[in-house]
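A.B. asks: this one's structure only:
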């Protein structure tokens, strides 16, 4: 994309990699501010759900709380267990963070503002995201702690299970994009994220693939270890998961990777389903409004993801795994096949959307039927209506020995 | 060809920048944080108690079967991507027409049989046998 190089704005001729570096530096600043903002936002939103007020003391209405947290993390001692595998333990934060950072490269913020428009952007995002798991496994394995190891393998099993339905949904989105671009554009843009966003000037893809949007959102919650899918880091089960042995800034790096991934996956979802920088129903907007549109769509979905932490109880790990393989995967495959058959026989866009919506209703119906407790059946969820009578202790039944009397 | 790959140069620039970010944060910790290693601090954390038994727990074999299944379906998706982009064009232009679609349906169907087999075998039930 030589016509989009920053140097042309400044009137200076700069090599391609300097331009890329400048854009990456801008992204670094954005990422830091974003992580600070998300931590504050999450604490405030969760506090509201629990009838508290959240942080209020540091700075105006607590806005400097994240900065205080960061300072505390930097000045905290970096402890490593003496039996830990040193290389795996110390390299894990790099391997966990760098892939997440790399996802920024193809993300479009406006029509012309991204680091680089990768022609295989969607495939690239998922390929790089998978590398993140290697860091998680290294952290779990290198810590020499059974809970960390258990958290690490849980995170890996969960991530690979939910990646398959997400990838199949991305394939079905690419099919829709290729079908639309075949009539009014270049088919080779169908795997580029910016190409997909550019195609949604009149119809956001959530209307064409509503089932895809829902499955993508569920998969995103699982990939990000967000409740109700936070078994890898469940405090009550595996103490804290793969980063239980990490402290200080080394732990902070895992945290930064997690919040950056939250922003990026949600940005990806709002790009390929909600139309990113496009106004929903066909209006050509300026660059200033485009960034606002992108961020508004992303923010709404971030608030949704954060509030899911307060709204849903944690699943059991067997429920989590079977939900992905037995429910989401068949539905995703059926979606791909349905798209293929409709489009190969020349069906219009609204048929694709209608079939996807019908599949979504079927998914909801199935989940409702599976989770409903049967009336009078052999359900285990009986609620005792009359509470057991509390035992009232009328006289102190303390024997002389227990009281310390003895002889 | 070089036009196709030129944009990926930015990825090569981004890798060292990301690594430098982590390195800077860890160096700041090294400079600012206290460093007093003791034998007790080097213990593995187990809710404040002294650790019991060996530290490396055994991992159940079911994780391995999930990894195998993942491999199968991940490779399937890699095949699906180029097909998804080009199958409509092939339906319209090539002389085999809609066979392009039905061949892929056959391919996915074969994998679905594998999924059904794993389902039948109880791989997804997370039993502790």
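C.D. replies: Okay, I see it. Everything numeric here is computed off the predicted structure, so don't read it as measured data.

A.B. asks: And the helices in the stretch 301-407 of chain A, which stretches?
C.D. replies: Ranges of helices in the stretch 301-407 of chain A, per DSSP state H, counting those that start in this stretch, are A:317-322, A:329-344, A:349-371.

A.B. asks: what comes up buried for the strand or helix carrying residue B:83?
C.D. replies: Assessed by DSSP states H and E, residue B:83 sits inside helix B:62-93. Using 16 or more other C-beta atoms under 10 Å in any protein chain shown as the test for burial, helix B:62-93 gives B:62, B:66, B:69-70, B:73, B:76-77, B:80-81, B:83-88, B:90-91. For the C-beta atoms, the positions are set from N, CA and C on the backbone; glycine is no exception.

A.B. asks: chain center to it: distance?
C.D. replies: 14 Å (C-alpha atoms, centre = their mean, to the nearest Å).

A.B. asks: Just name whatever secondary elements the helix or strand following that helix is in contact with.
C.D. replies: Downstream of helix B:62-93, the next assigned helix or strand under DSSP H and E is helix B:99-120. Helices and strands touching helix B:99-120, by 3 or more C-beta pairs under 8 Å, 6 or more residues apart in numbering or on different chains; DSSP states H and E, are helix A:329-344, helix B:62-93.

A.B. asks: Just the residues contacting helix B:99-120, thanks.
C.D. replies: Residues from elsewhere that reach helix B:99-120, judged by C-beta atoms under 8 Å, 6 or more residues apart in numbering or on different chains: A:325-326, A:329-330, A:333, A:336-337, A:340-341, A:344, B:65, B:69, B:72-73, B:76, B:79-80, B:83, B:87, B:90-91, B:94, B:124.

A.B. asks: Can you tell me which of the helices of the stretch 301-407 of chain A is most buried?
C.D. replies: Across those, the average number of neighbours (mean count of other C-beta atoms under 10 Å in any protein chain shown) peaks for helix A:329-344, which reaches a mean of 22.

A.B. asks: other SSEs contacting that helix?
C.D. replies: On a contact count with 3+ C-beta pairs under 8 Å, 6+ apart, helix A:329-344 meets helix A:146-184, helix A:210-223, helix A:349-371, helix B:62-93, helix B:99-120.

A.B. asks: does the fourth one come close to chain A?
C.D. replies: Yes. Contact of helix B:62-93 with chain A is found when judged by C-beta under 8 Å from any C-beta of the partner chain, involving B:63, B:66-67, B:69-70, B:73-74, B:77, B:80-81, B:84-89, B:91.

A.B. asks: Of all the helices and strands packed on helix B:99-120, which one is nearest residue A:142?
C.D. replies: helix B:62-93 (17.8 Å; C-beta to C-beta).

A.B. asks: Identify the residue nearest residue B:67 in space, chain neighbours excluded?
C.D. replies: With C-beta to C-beta, 6 or more residues apart in numbering or on different chains as the criterion, residue B:67 has its nearest non-adjacent residue at 6.7 Å, and that residue is residue A:160.

A.B. asks: looking at it, that neighbour is touching residue B:73, isn't it?
C.D. replies: No. The pair residue A:160 / residue B:73 is not scored as a contact, 9.3 Å apart, by C-beta atoms under 8 Å.

A.B. asks: what's near enough to touch residue A:361?
C.D. replies: Here residue A:361 is in contact with no residues (criterion: C-beta under 8 Å, 6+ apart).

A.B. asks: How much space separates it from chain B?
C.D. replies: Counting by C-beta to the nearest C-beta, to the nearest Å, the gap from residue A:361 to chain B is 22 Å.
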